[in-house]
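Visitor: Fold the following and give me the result.
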Amino acid sequence: MAVREINFDGIIGPSHNYAGLSFGNLASTKNAGQVSQPRAAALQGLDKMRANLALGLAQGIFVPLSRPNRDWLSALGTTIEDCEPTLAAAAMSASAMWAANAATVSPAPDAKDGRTHLTVANLRTMPHRSHEWPGTLAQLRIAFGNEQHFAVHDPVPPAFGDEGAANHMRLTARHGEAGLELFVYGVTGGAFPARQHLQASKAIARLHGLDPERTLFVEQSEEAIDAGAFHNDVVAVANENVLFAHELAFADRNAVVAFCEKRLPGFELVEVPSADVPIGDAIASYLFNAQLVSPPDGEITLVVPTEAREAPTVWAWLEKHVSGNGPIRRVEVVDVRQSMANGGGPACLRLRVVADPETVDPRFVVDDAKLDRLSEVVRRNWPVEIDTADLQKPALIKDVEAARKALLEELDLTQLV
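Guide: Have a look, this model is predicted:
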């Protein structure tokens, strides 16, 4: 079986807008009320996928969810036409594009039953995201429907908030071998909410059949959350035997390092000190919300947003520390400005799954030719601009629903309508 890392990126939906719904996400709040560009956003995301393919990586997709979410509004006793503006914005949210929050994934070598396990995130902390999971789960059950290789779980009960792979890291010597799984949870974040609950993380570890000796529950530091690190992947990312993190990422940094050093031969920590990159600069540039990947040529690569290149302290650190001799060998820069303006960098847009691509439903796997077709669908159908004041206008709603339908038809996924 050809086990590979597959990056499943969320296609940015036609209702992409800046309603500023995510409290604690500084970029989302800062840009609230700005005019968004859904067509440009989706094309930026597809170009990011092309860049991954150019590196030799396997690439998958998730499709936008149905927006407005009429079923959710109906359960609240209203409609998109009649509801108050805050509910309309939540019902039109395109935040499911951030696939890192779709689910938590444990590869087959880590699980007791030898299958890859995925638990869809309940996202219960934020109202605009709390209604995503049924649509996401429907896609997961199709994409990973081969029960010989995959187990897809319902969400953790919403008493305990779970925000998916954005708060989960895996370290391993090789993708086909058993690894260490680190679940990062929050307790307090100063003025901002801690979104990942310890009990949710523990439940997922049990559901996935993980070895307790190779599983660690890590508290995110209050300083990180209070500075705007609403998910762990804003301050830390892991790949193979490398953990790349800001020194303020964890409440007990030494315990994390000791756990990894004891259980993973060759473990390497690449830590960025506050003296070089203040945590505010790291969060604003999304230095750590990068994709840390292993292309076939073996050169571990950090895929960062253009904002990282534009931040003097961040780029100076990267130029000094990324080289042919260190664990991280090179940096690639991608333009995902539309996503960044709403609070999501390159890592937010993707869910990592370690598996044989041949075991995944092929409709969710892309090559350059398929990306070309999807780009044409976006160019023909996605709105050019959206002003949040227009979210309840019938013409916009009609265009958003028609655009998604066109995409599903192109992918032969109309059962998701």
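
Visitor: which other residues reach stretch 318-334?
Guide: 44, 47-48, 51, 55, 241-242, 244, 268, 270, 287, 292, 299-306, 308-309, 346 (C-beta atoms under 8 Å, 6 or more residues apart in numbering). No exception for glycine: its C-beta is placed from N, CA and C like everyone else's.

Visitor: Might one say that Leu73 is in contact with Ala89?
Guide: No - counting by C-beta atoms under 8 Å, Leu73 stays clear of Ala89, with 11.7 Å between them.

Visitor: what stretches of this structure score poorly on pLDDT?
Guide: Residue ranges of the chain with pLDDT under 70: 1, 22-28, 31, 189.

Visitor: Using the three-state scheme, assign Leu374.
Guide: helix (DSSP: H, G, I helix; E, B strand; the rest coil).

Visitor: That one and Arg337, how far apart?
Guide: Leu374 sits 20 Å away from Arg337, going by C-beta to C-beta, to the nearest Å.

Visitor: element containing the closest residue to Pro212 other than its chain neighbours?
Guide: Distances taken as C-beta to C-beta, 6 or more residues apart in numbering put Ala205 closest to Pro212, at 7.8 Å, once the chain neighbours are dropped. In the assignment (DSSP states H and E), Ala205 maps to helix 198-207.

Visitor: repeat for Asn7
Guide: strand 4-10.

Visitor: Please give the number of neighbouring residues around Val242.
Guide: For Val242, the count of nearby residues is 20 (other C-beta atoms under 10 Å).

Visitor: same deal with Ile386?
Guide: Around Ile386 there are 28 residues (other C-beta under 10 Å).

Visitor: Surely the residue nearest to Pro212 is in contact with Arg214?
Guide: No - when contacts are counted by C-beta under 8 Å, Ala205 is not listed as touching Arg214 (10.1 Å).

Visitor: For the stretch 51-200 of the chain, just list every one of the helices.
Guide: Along the stretch 51-200 of the chain, counting by DSSP state H, counting those that start in this stretch, helices occupy 70-75, 85-91, 127-130, 133-143, 198-207.

Visitor: As JSON lines, these with mean neighbour count and distance to Gly228 would be great.
Guide: Putting those into JSON lines (neighbours: other C-beta atoms under 10 Å; distance: least, C-beta to C-beta, whole Å) gives the following:
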{"stretch": "helix 70-75", "mean neighbour count": "15", "distance to Gly228": "28"}
{"stretch": "helix 85-91", "mean neighbour count": "20", "distance to Gly228": "21"}
{"stretch": "helix 127-130", "mean neighbour count": "18", "distance to Gly228": "17"}
{"stretch": "helix 133-143", "mean neighbour count": "20", "distance to Gly228": "25"}
{"stretch": "helix 198-207", "mean neighbour count": "20", "distance to Gly228": "21"}
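
Visitor: Now distance to Arg170 too, for the ones you listed, in CSV please.
Guide: Listed next are those as CSV, based on distance: least, C-beta to C-beta, whole Å:
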stretch, distance to Arg170
helix 70-75, 32
helix 85-91, 32
helix 127-130, 23
helix 133-143, 18
helix 198-207, 12
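
Visitor: Nearest to Val156, out of these?
Guide: helix 198-207 (4.6 Å; C-beta to C-beta).

Visitor: Tell me the first helix or strand C-terminal of that closest one.
Guide: According to DSSP H and E, the helix or strand after helix 198-207 is strand 215-219.

Visitor: how distant is whatever helix or strand comes next after that following strand from the center of its chain?
Guide: Later in the chain than strand 215-219, the nearest helix or strand by DSSP H and E is helix 222-226. Relative to the mean C-alpha coordinate of its chain, helix 222-226 is positioned 20 Å out (C-alpha atoms, centre = their mean, to the nearest Å).

Visitor: ok so, going back, which helices and strands does the strand holding Asn7 pack with?
Guide: In terms of contacts (3 or more C-beta pairs under 8 Å, 6 or more residues apart in numbering; DSSP states H and E), strand 4-10 is packed against helix 38-54, strand 58-62, strand 291-293, strand 350-355.

Visitor: would you put the C-alpha positions of the helix holding Ala205 in PDB?
Guide: Only the C-alpha atoms of helix 198-207 are listed here, as PDB (Å, rounded to 0.1, in the frame of the first residue of the first chain):
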ATOM      1  CA  LEU A 198      -9.500  18.500  27.400                       C
ATOM      2  CA  GLN A 199     -12.300  16.000  27.700                       C
ATOM      3  CA  ALA A 200     -13.000  16.300  23.900                       C
ATOM      4  CA  SER A 201      -9.400  15.500  23.200                       C
ATOM      5  CA  LYS A 202      -9.400  12.500  25.600                       C
ATOM      6  CA  ALA A 203     -12.600  11.200  24.000                       C
ATOM      7  CA  ILE A 204     -11.100  11.300  20.600                       C
ATOM      8  CA  ALA A 205      -8.000   9.500  21.700                       C
ATOM      9  CA  ARG A 206     -10.200   6.700  23.100                       C
ATOM     10  CA  LEU A 207     -12.400   6.500  20.100                       C
END
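
Visitor: so what does it touch, helix or strand wise?
Guide: Looks like helix 198-207 contacts strand 116-120, strand 180-185, strand 215-219 (3+ C-beta pairs under 8 Å, 6+ apart).

Visitor: Flag every buried residue along the last one.
Guide: Neighbour-count burial for strand 215-219 flags 215-216, 218-219 (criterion: 16 or more other C-beta atoms under 10 Å).

Visitor: what about the helices in the stretch 201-350 of the chain?
Guide: For the stretch 201-350 of the chain, applying DSSP H, counting those that start in this stretch gives helices covering 222-226, 253-263, 279-285, 306-310, 312-321, 337-340.

Visitor: I'd like to know which of these is closest to Arg115.
Guide: The nearest among the helices of the stretch 201-350 of the chain, by C-beta to C-beta, is helix 253-263 at 22.4 Å.

Visitor: Need the overlap of contacts for Ala205 and Arg214.
Guide: Common neighbours of Ala205 and Arg214, counting by C-beta under 8 Å, 6+ apart, are Glu181.
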